[in-house]
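Enquirer: quick check, what structure comes out for this input:
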Amino acid sequence: MRGLAIFVTLWILIAHSIPAFGHAALTHAQPADGAVLAEPPAVATLTFNEPVSPLVISLVGPSGEVIAPATVADNATVTITLPSLRNGTHALSWRVVSGDGHPVAGTLVFSVGEQSAGTPQILPQGEPGVRPSLWAVKLIIYAGLFIGIGGAFFEAWMADQAVPLNGHGDIAREQRSDRLLLLSVIGLALVAVPVSVGLQGLDALGLPLTGFMQAIAWQTGLGTAYGRTAIAAVLALAAGSLAMAVASRVLARILALLGVVVGAIALTLSGHAGTVEPRWLTQSAVLLHGLCVAFWIGALFPLLRAIQQPDRGRQTLSRFSRFIPYAVAALALSGATLATVQLGSIENLWASNYGIVLVAKLALVLALLGLAAANRFSLVPQFEKGGRAAVRPFVWSIRSEIVVAIGILAIVGLWRFTPPPRAPEAAPAAAQVSIHMHSPRAMAQVEIEPNRTGGARVDIFVADGEFNPITVKEVELILSNEAAGIEPMRRPATNTGDSNWRIDDLRVPVAGRWKLRIEILINDFEKVTVEEQAQLPRMP
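Expert: Reported below is the predicted structural model:
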């Protein structure tokens, strides 16, 4: 009941959380968001910081009419052929999938000739019920890959071999009970994998749960990078289930080893680490991490049953104790490697959603390590000496480890919705950043130049909507980064002559997609605001 309560609580939290955080980031758009064009453009281009594939591109006209324009993707640029546009405001709604299999969406609003009286109806970008459902089925898949297949590997390679698979008596019944539990976990995961493919398609297309049976959802889910992960996961789960069904010990070991290796490979085929350079390092770290997790967590259920039969459990526990220190060391090394690559800086541990999830995971990992250390240095010696008094606290300790391990898997599933604060493709070099902001009444050209000693200098040129320099009373820059949890920071600029303004010491604490807004006080009665989003490097 406690585990069910935790599961339901996490599901509710996801259902009521912010719908999404971006993965691939839009770095440039033509026409620009908010632009007012004298002539209708023939094409629109969207440039991202990494290669993407378009899923849904829709153009909503001034009267609400919806057009699906022709679209071509070339690496990180999506080119959209526009029909003949009439005067008024148009909304270009886009939804793409990045190389790590995660969908990203947005809408650009631009006008031809003049702005319409009302904003076009913009298409919804996601359905809140899909993502908690996707998290839930992924938790089941993780349980199958680590608890199920890992348990099959432990039974084949570590468990006491003294009792034949077709033996009789209490121990044989316990072995059959172990296998039935592990096979049930794997069976649930085999059902969850195809369900997750359909949910992946719904999430990619922004469709509600009612569209689950639509063929387009399944085709889209398989077409993303996650499709490869799903196929590999099915193969791994099938190998793990066969390992517990065959009578040959040699064949069982081969199938169990194949299951854990293919299951770990499945984790490298999609997700954040699959697209971060150097890929040989990050994918190798994910592979090693997955193997070690399967070995450790997969051992818990078989060990729980084994120590309740002391004669059988001592040999099994002895084998496990010899190998687990090496697995924990490799787990820590691979985890530290991934955290270093994905975080970029220590500040991102508390300044990004990815870092917050990582901190929560590390807290549970430390709890798991604490339980494991207590077992190894206190309970195991007592158990190996034949002390039956150690059995009950040992059982309680391993059950606690199982609860903590499931909690870790549940938290890891949240990374599907929280991108790393820094990936090499997403973090531009610390070079000058140029940003143009335009509205019908005013424009601002912003140049951000990083300082060698830290921070950056910001030069702002202001003009009217026709690009004529204007003299204004005040200029203020406001920056915010919702994905990193950073609320708006206000920085007043100093006039350096005519239409030029400057901020000498701007600090950008984390790299990422920032929202910039400039408030221009033209006179005591008139203020104009222009906005834009831009990818900024970290400039502490």
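Enquirer: and the helix ranked longest in the chain, what does it pack against?
Expert: Assignment by DSSP state H gives helix 170-205 as the longest helix of the chain. Counting contacts by 3 or more CB pairs under 8 Å, 6 or more residues apart in numbering; DSSP states H and E, helix 170-205 packs against strand 52-60, strand 88-98, strand 103-112, helix 130-142, helix 149-157, helix 215-223, helix 225-243, helix 279-306. Quick note: C-beta positions are derived from backbone N, CA and C, even for glycine.
Enquirer: any idea which of those is most buried?
Expert: The highest mean neighbour count among the helices and strands packed on helix 170-205, using mean count of other CB atoms under 10 Å, belongs to helix 149-157: a mean of 28.
Enquirer: now the angle from that helix to helix 170-205?
Expert: 150 degrees (axes from the mean of the first three to the mean of the last three CA atoms, to 10 degrees).
Enquirer: packing partners for helix 149-157?
Expert: Helix 149-157 packs on helix 170-205, helix 225-243, helix 249-268, helix 279-306, going by 3+ CB pairs under 8 Å, 6+ apart.
Enquirer: repeat that for 10 Å
Expert: helix 170-205, helix 225-243, helix 249-268, helix 279-306, helix 310-343 (3 or more CB pairs under 10 Å, 6 or more residues apart in numbering; DSSP states H and E).
Enquirer: tell me what angle it forms with helix 225-243.
Expert: Using the same axes, to 10 degrees: helix 149-157 against helix 225-243 is 30 degrees.
Enquirer: what mean pLDDT does helix 149-157 have?
Expert: Looking at helix 149-157 alone, the average pLDDT works out to 93.
Enquirer: mind listing what's buried in the longest helix of the chain?
Expert: Neighbour counts over helix 170-205 (16 or more other CB atoms under 10 Å) mark 171, 174-175, 178-179, 181-183, 185-186, 188-190, 192-193, 195-205 as buried.
Enquirer: how far off centre is that helix?
Expert: 23 Å (CA atoms, centre = their mean, to the nearest Å).
Enquirer: output the lowest mean pLDDT helix or strand found in the chain.
Expert: helix 2-15 (a mean of 47; mean pLDDT, DSSP states H and E).
Enquirer: next SSE downstream of that one?
Expert: strand 26-30 (DSSP states H and E).
Enquirer: so which elements touch that following strand?
Expert: Using 3+ CB pairs under 10 Å, 6+ apart, strand 26-30 sits against strand 43-48, strand 77-81, strand 88-98, strand 103-112, strand 526-536.
Enquirer: can you lay out the helices and strands packed on helix 149-157 as TSV showing distance to residue 80 and mean pLDDT?
Expert: Putting these into TSV (distance: least, CB to CB, whole Å; pLDDT from 0 to 100) gives the following:
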stretch	distance to residue 80	mean pLDDT
helix 170-205	18	84
helix 225-243	23	94
helix 249-268	33	95
helix 279-306	30	91
helix 310-343	32	87
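Enquirer: just put these in TSV and tack on distance to residue 139.
Expert: Formatted as TSV, the helices and strands packed on helix 149-157 follow (distance: least, CB to CB, whole Å):
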stretch	distance to residue 139
helix 170-205	9
helix 225-243	13
helix 249-268	14
helix 279-306	13
helix 310-343	19
